[in-house]
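Visitor: sequence and predicted structure, then a few things I'm wondering about:
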Number of protein chains: 2
Amino acid sequence: MQIVTARAARVTNLITASNFRPQGLRMTATVNRSAVLSGQMIIAGEPVYGSGATIHGIDPSTNATLEPGYRHGGPDEVDRACAAAAEAFGPYRRTDAQTRARFIESIADNIEALGDTLVHRACTESGLPEGRIRGEVGRTAGQLRLFASVLREGSWNGARIDPAQPDRTPLPRADIRQRKVPLGPVAVFGASNFPLAFSVAGGDTASALAAGCPVVVKAHDAHPGTSELVARAITEAVASTGMPAGTFSLLFGTGRDLGTALVTDPRIKAVGFTGSRSGGTALVRAAAARPEPIPVYAEMSSINPVFPLPQALAARGAELGAAFAGSLTLGSGQFCTNPGLVIAVDGPGLDAFVAAAAAAVADATPTAMLTPNIAESYAAGVTALAEEATVESRATATDEPNRCAAALFSTDAESFVDSEVLQQEVFGASSVIVRCRDTAQVRDVATRLEGQLTATVHADDTDLDDAGELLDILELKAGRILFGGWPTGVEVGHAMVHGGPYPSTSDSRTTSVGSLAIERFLRPVAYQDVPPTLLPAAIADGNPDRIWRRVDGQLTKD
Amino acid sequence: MQIVTARAARVTNLITASNFRPQGLRMTATVNRSAVLSGQMIIAGEPVYGSGATIHGIDPSTNATLEPGYRHGGPDEVDRACAAAAEAFGPYRRTDAQTRARFIESIADNIEALGDTLVHRACTESGLPEGRIRGEVGRTAGQLRLFASVLREGSWNGARIDPAQPDRTPLPRADIRQRKVPLGPVAVFGASNFPLAFSVAGGDTASALAAGCPVVVKAHDAHPGTSELVARAITEAVASTGMPAGTFSLLFGTGRDLGTALVTDPRIKAVGFTGSRSGGTALVRAAAARPEPIPVYAEMSSINPVFPLPQALAARGAELGAAFAGSLTLGSGQFCTNPGLVIAVDGPGLDAFVAAAAAAVADATPTAMLTPNIAESYAAGVTALAEEATVESRATATDEPNRCAAALFSTDAESFVDSEVLQQEVFGASSVIVRCRDTAQVRDVATRLEGQLTATVHADDTDLDDAGELLDILELKAGRILFGGWPTGVEVGHAMVHGGPYPSTSDSRTTSVGSLAIERFLRPVAYQDVPPTLLPAAIADGNPDRIWRRVDGQLTKD
């Protein structure tokens, strides 16, 4: 107990500064770079102990328990965080784009400043290798800075002006202007598989903060220490850039208890989630059943089909198979875009592909999965697949805890189409080869697929007619279509779509990666004959922010 | 029977031409301008009799039954229409923007060509005056042409290109491009109160067709003849411009039976609806309970608060009151944006406002409502209001059928906030004045309001501080904020928002009027390293369509 108290005291000293009212407050960023964690939530800048069950991070590679414990919060903490977020919303949304951009960049700086403390904790809690976590830190900071640049560029305002036409007959036209405003406080559910890029300061948080929405994060129990460290970095940025304290809170708790309370709190106006189909579906239902339903952006389930076409297989089946296995086994297969399905015309080319992939899978060193639960689910999923499909190859299991032994299965098109088991996502490094009679059957299987985050085509020049026909189908099935690569890399940029038709997400009209994501947390408002002095800058006369605007339907910076 | 058969034969001759396969077919538009109606649905160009209950249009001003009868369809007709829409979707979405623009303009031409036939039928079925219906024909054609211009302008593609960076370290960047694709076949539910602009060829149909989505309309039983005429105009345009036959279908049926079958059909991918809160809520629930949930754009319930501020009331309370009554009683108050609420500081200015409004309401000639059901609901709503608020004024009722006797009520802020009845929309020409102690109480009441389509402020120069504080609140409550006007006019343009937070609509992120509405039926897709020959024109090298695109985050036509 004594130790816990001492730790808590240090963190409290660190954090307390950010409880001051933000107006005028400017601090030098002094992010605590020590590994000392408090085991506390952070509500509007204040460290808070929960009163529920205590959970610990664990090192999944050894099952060792990590200190400190984190006690879960419940409805009381949700109420406090949401009240603070609602109070912060007014002043936060009225900050100008430049101010908000600096705040978001400050989060990025603070996360990078955590350095090895963050990297080591995230590696230990996730079982992911250091290179991967260092890359994820860079990606997380980079995506925060991307949204800062989006704020400065200004098109996110969706500014439109239809000037008055006082002399129009039979009726004059009023002056009508449109801009976008933030929806309100957003609940973000951290994902297990990207402890940084899809978690506390991940894409959902970055895009919501950029849009002008305060954020309440429910941390994922798989990486509580990482979550606390990142939450401190955000809290520091809130204080040092003078944002309202309630702009950000971090909560720990169960999905059923705290998560439901969060999604059903009337002050929450949108939800971002990355996780399982069952978890996402439960959130969507809870949000829809509210007296005021709200949008839920849940990224859920995708098996990411790969379509190596006949000529590509004939020319380089073995090479493709080996590369495929590399994408499949990367990070224990724990990517939303992991290629869980290969659909191709049977023949020697596919045989070479399967042989090379099977050899690589058999040789793959089993690596730790994120949590014991995920490892158990993977094992069960692989067992179920083995009952319905031919086992092509399995990596040799080891006695070490939570290891993912990669697995490769095959089946024919008819069996695949008839089997719910074969069409379900198994989270981890397993994949099913679907052998088809001809390209028509490949297209038929493609047409029957559920919605996907990605679809990958490998085509040689002589495959292009087939590829074109397939592309027509895949455009309606997936959020991203790749040629010649592998889906596990997701570039953070302006053109990326990380989304797709149900069940890959609950809302195909958007993306959770890339600059377009800011639109998820905005809605348009029209201003009719509003006096010039009351107009927001984005739609004011003379375009003071020099942003792109649509005037009488034409884009202009005038 | 003989008469019905003869009528059917004429219409069949007219329509059959459009059943041919569209490829290469070009016809001279020969829209039937006679008043002869068939009483049939139109499924993919084919006239079809229903087999369910027979409904008739009625003239609500006399309760006279209008011929012909229309027999309701059911699940079988839904299945046929959806199968045809799904078949049409592929070729229709692949038409280029120019072709689709010409198709949509052809619908506008054909509707205008219906001339007096359409105007007279719509007037008779709706009880609305000729000037209003002629205006609505112009608006309907105008909004179709607006979407044609949107198609040609090209920004709707949402084209984004992040060029490859082969030399980037540590990893090269792939070539990633983004464009928007249509969601799929859309179900549109015609509204009763705009038999043209929010019905068969209304905003939902226009924006969905522009987006590349086939449309299946469920006609509103209040204007079956108008629906048939407009559906013929669309069907003619489908044929004459060579669109696939299944691009458009018109069905008649009940909401519970045919409507539910339509929303739950797996081939339908989005829904547009304008109507009651209960009807919209039922559709949202049905869509959410599908194995594949789909977006529903339901415009439902709004009481459109008006805020005359103290100085404006002091300067011209009587003038504002009289103008308010004009907006209130327009078209029997049957607008989604009818001003059903006035929130103001009590005092002589508000007294003058109320006196003038009350006098105008008392003098208002009761006019026919759209349907007997709507008139009954209005009467019941007014009776309920009279039990909870002070009756300021009521128009003298007449013995003529379905007349809307305008009504004005008043109450104090506390009573209003406590009463569910007073906060509910009463569809028709009734309004409630909420007397507040001061502007702080005005803001308090504003903060407690549900989501609205519009909020209207009347402010003089000395009111501007109050107006600014109110604007901050109203931005989060309404889709459109007006100063100095009345909400009943909804301009069709680029900057308009006809939408708002729940329950005014089921999705605040969008609008049902204006060019932004095309985005409701689109979703983004990313193309990674797709071979140049397979790239759609919108994101092809060299920008062949000369549209605005975001290249590395910057807008350009290069």
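Guide: Nice, thanks for sending it over. Numbering: from 1, shown residues only, chains lettered A, B, ... in the order given.
Visitor: what residues of the helix or strand A:V284 falls within count as buried?
Guide: Element membership for A:V284, per DSSP states H and E: helix A:277-288. Of the residues in helix A:277-288, those with enough neighbours to count as buried (16 or more other CB atoms under 10 Å in any protein chain shown) are A:277, A:279-284, A:286-288. From N, CA and C alone the C-beta is placed, and that goes for glycine too.
Visitor: which element, helix or strand, includes A:R152?
Guide: Assigned by DSSP H and E, A:R152 falls within helix A:130-153.
Visitor: list just the nearest of the buried residues of helix A:277-288 to A:F427.
Guide: The shortest gap between A:F427 and any of the buried residues of helix A:277-288 belongs to A:R277, at 10.1 Å (CB to CB).
Visitor: surely the closest one and A:S301 touch.
Guide: Yes - the pair A:R277 / A:S301 is scored as a contact, 4.0 Å apart, by CB atoms under 8 Å.
Visitor: between these two, which contacts overlap?
Guide: When contacts are counted by CB atoms under 8 Å, 6 or more residues apart in numbering or on different chains, A:R277 and A:S301 are jointly contacted by A:425, A:503.
Visitor: about what we covered before: the helix holding A:R152 - what's its average pLDDT?
Guide: Per-residue confidence for helix A:130-153 averages out to 98 on the pLDDT scale.
Visitor: likewise stretch A:198-211?
Guide: 98.
Visitor: one more: stretch A:37-48?
Guide: What stretch A:37-48 shows for mean pLDDT is 97.
Visitor: ok, back up a step: of the buried residues of helix A:277-288, list those near chain B.
Guide: Contacts with chain B within these, as defined by CB under 8 Å from any CB of the partner chain: A:284, A:288.
Visitor: looking at the buried residues of helix A:277-288, which is nearest A:D444?
Guide: Nearest to A:D444 among those, counting by CB to CB, is A:R277 at 24.5 Å.
Visitor: so which residues on the stretch 251-400 of chain A come close to chain B?
Guide: Within the stretch 251-400 of chain A, the positions lying close to chain B (CB under 8 Å from any CB) are A:284-285, A:288, A:292-293, A:295.
Visitor: JSON lines for these, including pLDDT?
Guide: Output for these, formatted as JSON lines (pLDDT from 0 to 100):
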{"residue": "A:V284", "pLDDT": "95"}
{"residue": "A:R285", "pLDDT": "93"}
{"residue": "A:A288", "pLDDT": "94"}
{"residue": "A:E292", "pLDDT": "95"}
{"residue": "A:P293", "pLDDT": "95"}
{"residue": "A:P295", "pLDDT": "97"}
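Visitor: what is the subsequent helix or strand relative to the helix holding A:R152?
Guide: Sequence-wise, the next helix or strand beyond helix A:130-153 is strand A:160-162, with elements assigned using DSSP H and E.
Visitor: now the residue nearest in space to the middle of chain A, what's its secondary structure?
Guide: With the centre of chain A defined as its mean C-alpha position, the nearest residue by CA atoms, centre = their mean is A:F198, 4.1 Å away. When the structure is split into helix, strand and coil by DSSP: H, G, I helix; E, B strand; the rest coil, A:F198 lands in coil.
Visitor: quick check: closest non-adjacent residue to it.
Guide: With sequence-adjacent residues excluded and distances taken as CB to CB, 6 or more residues apart in numbering or on different chains, A:F198 is closest to A:A191, at 4.0 Å.
Visitor: quick one: the one you found is in a helix?
Guide: No - going by three-state DSSP, the assignment for A:A191 is coil, not a helix.
Visitor: can you give me the strands in the stretch 451-558 of chain A?
Guide: For the stretch 451-558 of chain A, the strands defined by DSSP state E, counting those that start in this stretch cover A:452-458, A:478-483, A:522-528, A:549-551, A:554-556.
Visitor: so the third one, near chain B or not?
Guide: Yes - in this structure, strand A:522-528 sits against chain B according to CB under 8 Å from any CB; the contacting residues are A:522-528.
Visitor: next, the angle from the helix or strand encompassing A:V181 to strand A:522-528.
Guide: A:V181 is located in strand A:176-182, with elements delineated by DSSP H and E. Using axes from the mean of the first three to the mean of the last three CA atoms, to 10 degrees, the direction of strand A:176-182 lies 150 degrees away from that of strand A:522-528.
Visitor: how about strand A:176-182 and chain B, any contact?
Guide: Yes - on the criterion CB under 8 Å from any CB, strand A:176-182 is in touch with chain B at A:176-178, A:181.
Visitor: from the contact counts, what lies against that strand?
Guide: Secondary structure elements in contact with strand A:176-182, counted by 3 or more CB pairs under 8 Å, 6 or more residues apart in numbering or on different chains; DSSP states H and E, are helix A:75-93, strand A:160-162, strand A:522-528.
Visitor: which residues touch the longest one?
Guide: So the one you mean is helix A:75-93. Contacts for helix A:75-93 (CB under 8 Å, 6+ apart): A:22, A:41, A:43-44, A:48, A:50-51, A:181-182, A:184-185, A:212-216, A:243-247, A:249, A:251, A:253, A:257-258, A:261-262, A:265, A:267-268, B:472.
Visitor: now do 7 Å
Guide: Contacts made with helix A:75-93 from outside it, assessed by CB atoms under 7 Å, 6 or more residues apart in numbering or on different chains, are listed as A:41, A:43-44, A:48, A:50, A:181-182, A:184-185, A:212, A:214, A:216, A:243-247, A:249, A:251, A:258, A:261-262, A:265, A:267-268, B:472.
Visitor: now do the contacts for the closest residue to A:P536 other than its chain neighbours.
Guide: Nearest non-adjacent residue to A:P536, counting by CB to CB, 6+ apart: A:R179, 6.0 Å away. In this structure, A:R179 makes contact with A:157-159, A:525, A:536, A:538-539, judged by CB under 7 Å, 6+ apart.
Visitor: just the closest of these to chain B, please.
Guide: Comparing these against chain B with CB to the nearest CB picks out A:V525 as the nearest, at 5.5 Å.
Visitor: who are the contact partners of that closest one?
Guide: With contacts taken as CB under 7 Å, 6+ apart, A:V525 has the following neighbours: A:178-179, A:181, B:475, B:479, B:481, B:497.
Visitor: okay, and the beta partners of it?
Guide: Legend: beta-bridge partners of A:V525 under DSSP bridges are A:R179.
Visitor: tell me what A:M41 is bridged to.
Guide: Applying DSSP bridges to A:M41 gives these bridge partners: A:V48.
Visitor: how close does it sit to chain B?
Guide: Taking CB to the nearest CB, to the nearest Å as the measure, A:M41 and chain B are separated by 27 Å.
Visitor: name the nearest of the buried residues of helix A:277-288 relative to chain B.
Guide: Distances from those to chain B were compared by CB to the nearest CB; the smallest belongs to A:A288, at 5.1 Å.
Visitor: hang on, isn't the closest one packed against B:A287?
Guide: No - with contact defined as CB atoms under 7 Å, A:A288 does not reach B:A287; the gap is 9.8 Å.
Visitor: buried set for stretch A:246-258?
Guide: Judged by neighbour count (16+ other CB under 10 Å), stretch A:246-258 contains these buried residues: A:246-255, A:257-258.
Visitor: check stretch A:539-554 too.
Guide: So stretch A:539-554, judged by 16+ other CB under 10 Å, has buried residues A:539-540, A:543, A:545, A:547-551, A:553.
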